[in-house]
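Peer 1: Below: sequence and its predicted model.
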Amino acid sequence: MGLKALFLLVVAVLSNSAFSCDKTLKVGVSQQWAPYTFTQNGKLTGIDIDVVNLVLKEAGFCAKYVVMPSSKRGFAELKHGKVDLLPAASYSTERDSFSFFSEPYRNEVMRLFWYPHGRLESLDLQGLLEHQQVILTNSGSYFGSDFTHLKEDAKYKDQLVTVSSLRQRLAMLVARRVDFFVDDELAGLYLIQKNNQQGIELHPYIVNNDSVYFMLSETTLLAEDRAAINSAILNNQQAITEIIARYVKH
């Protein structure tokens, strides 16, 4: 064997070993939600996909993605050990009863999007409603206890309007049919930037701010597996921040 061929063989072996993993984890994803998880050129991509890939590689694992028809199905598959990990999970005691929660890896921040009016900048959510502002929301999202309390108040039922699609919520704001919409900060900014919408900004009031975690299987992952994943999250905070910045400009 010539020297060049031997060198190429050694490089190939080292390359394969550098990308090998101790275990492949099945990662359940249940919805297309840019910029967190979406399909581009036939391939899953997005913030949560990039973070999962980074964390699992650092922890010594490979990822195999399993697309679920719904979040509910994902929880059931995790509970029965058919998937090992679910990203983008908010904490609840019910979910904690059948899984382990990782260290938090990002925040889910719910914000108000609007065309600014100076006289309303200092108001909180209730103050905006008292000023007869109409606010679009998504029925499937959690906006915190204060929002839930206001939503249940009959006085505001005509001002807190539910529209299921973020695209539709944005279109209604652009058409000035409503005053605000509430949504995940990064999802709203991503769509606004992608559509090159001018003039829409974040209202200073933060509706809700929750940590987001990986849900980890109790049945398929060992304590040392979970520890490796948590360590990788904690050691890569700056890299995760950089991943988010690649998708959304603040």
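Peer 2: Received, thanks. Residues are numbered from 1 along each chain as shown.
Peer 1: Now do the contacts for Ile49.
Peer 2: Ile49 is in contact with Val29, Thr37, Tyr65, counting by Cβ atoms under 8 Å, 6 or more residues apart in numbering. C-beta coordinates here come from the backbone N, C-alpha and C atoms, glycine included.
Peer 1: Ranking by neighbours, what's the top pick from the residues you listed?
Peer 2: The most crowded member of those, judged by other Cβ atoms under 10 Å, is Val29 (24 neighbours).
Peer 1: can you pull out the strands in the protein?
Peer 2: 23-29, 38-40, 43-45, 61-67, 85-89, 99-101, 106-114, 135-137, 160-162, 180-184, 201-217 (DSSP state E).
Peer 1: which stretch among those strands comes nearest Asp124?
Peer 2: With Cβ to Cβ, the closest approach to Asp124 among the strands of the chain belongs to strand 201-217: 5.3 Å.
Peer 1: That closest one pairs with which strands, parallel or anti?
Peer 2: Strand pairing for strand 201-217, determined by DSSP bridges: strand 85-89 (antiparallel), strand 99-101 (antiparallel), strand 106-114 (antiparallel).
Peer 1: avg pLDDT for the shortest one?
Peer 2: Taken as a whole, strand 99-101 carries a mean pLDDT of 98.
Peer 1: So that it lines up with my notes, have the first residue be 24 from now on.
Peer 2: Renumbered: residue one is now 24, and that last one reads strand 122-124.
Peer 1: Number of residues surrounding the residue lying closest to Gln155 once chain neighbours are set aside?
Peer 2: Nearest non-adjacent residue to Gln155, counting by Cβ to Cβ, 6 or more residues apart in numbering: Gln182, 7.0 Å away. Residues lying near Gln182 (other Cβ under 10 Å) number 19.
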